[in-house]
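*Asks:* curious how this folds, go ahead:
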Amino acid sequence: MPAKTKKGEKEKEESKITILCGVYIFPNGDKYEGDYLQSTDGALERSGNGAHTTAEGICYEGQWVNDKMTGEGVVRFPSGSMYEGEFVNNQFHGKGRYTWPNGAVYEGMFNENKMEGDGEFMDTERQVWVGAFRYKAAPGLKFKLAM
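*Replies:* Numbers count the residues shown, from 1 in each chain. So this is what the prediction gives:
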């Protein structure tokens, strides 16, 4: 005898997901090459490792979760700037290193794309400043003397 179900309860159908690897060109000219999932209804979702290059030349290489840059990765900008480190939901978040085209470098913590927390900044003269960063402000930085 089949089990009784409560009134209004519907049976749930689990969709089968296929993990694939390949190249996808978006209608706007962006290109993704790497791992992705495809559900039974045909929807694609970047997942695993892959590289996404925008039509403007921004290139991200790294981990994807739920179609978002999440995990370790590197993003390179046409200006020559580069970020390498941790991402969460398409944002610099966690430990990372940002390099500007002029050679200045910040290495430390990021929070939602902002320098936030303990870090180290090396200016264009190769002088190093350490301390707590708060987005655009860094009160109390200390000069790190190289001997």
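*Asks:* element containing Ile119, please.
*Replies:* Check again: residue 119 is Gly, not Ile. strand 114-122 (DSSP states H and E).
*Asks:* that strand pairs with which strands?
*Replies:* strand 105-111 (antiparallel), strand 128-134 (antiparallel) (DSSP bridges).
*Asks:* what comes into contact with it?
*Replies:* Residues outside strand 114-122 that contact it (Cβ atoms under 8 Å, 6 or more residues apart in numbering): 92, 98, 104-111, 128-135, 138, 141, 144. Where you see a C-beta, it was placed from the backbone N, CA and C, and this is true even at glycine.
*Asks:* whichever of those residues end up buried, select them in ChimeraX.
*Replies:* In ChimeraX, a selection of the buried entries from the contacts of strand 114-122 looks like this (16 or more other Cβ atoms under 10 Å):
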select :92,98,105,106,107,108,109,110,111,128,129,130,131,132,133,138,141
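*Asks:* return the residues in contact with Ile58.
*Replies:* 75-78.
*Asks:* likewise Gly140?
*Replies:* 131-132.
*Asks:* again with Ala104
*Replies:* 121-124 are the contacts of Ala104 under Cβ under 8 Å, 6+ apart.
*Asks:* same question for Glu107.
*Replies:* 96-98, 119-120.
*Asks:* please name the bridge partners of Lys142.
*Replies:* Val130.
*Asks:* please verify my assumption that it contacts Trp129.
*Replies:* Yes. Assessed by Cβ atoms under 8 Å, Lys142 is found in contact with Trp129 at 6.9 Å.
*Asks:* quick one, phi psi at Asn89?
*Replies:* phi 50, psi 50 (degrees, to the nearest 10).
*Asks:* identify the bridge partners of the residue nearest to it when sequence neighbours are not counted.
*Replies:* Excluding its sequence neighbours, the residue lying closest to Asn89 (Cβ to Cβ, 6 or more residues apart in numbering) is Lys68, at 5.1 Å. The partner list for Lys68 in beta bridges (DSSP bridges) reads Val65.
*Asks:* okay, now Lys68: neighbour count?
*Replies:* Lys68 has 16 neighbouring residues, counting by other Cβ atoms under 10 Å.
*Asks:* ok, it - contacts?
*Replies:* 46, 89-90.
*Asks:* now rank the contacts of Ile58 by neighbours and give me the top one.
*Replies:* Busiest of the contacts of Ile58 [other Cβ under 10 Å] is Val75, holding 21 neighbours.
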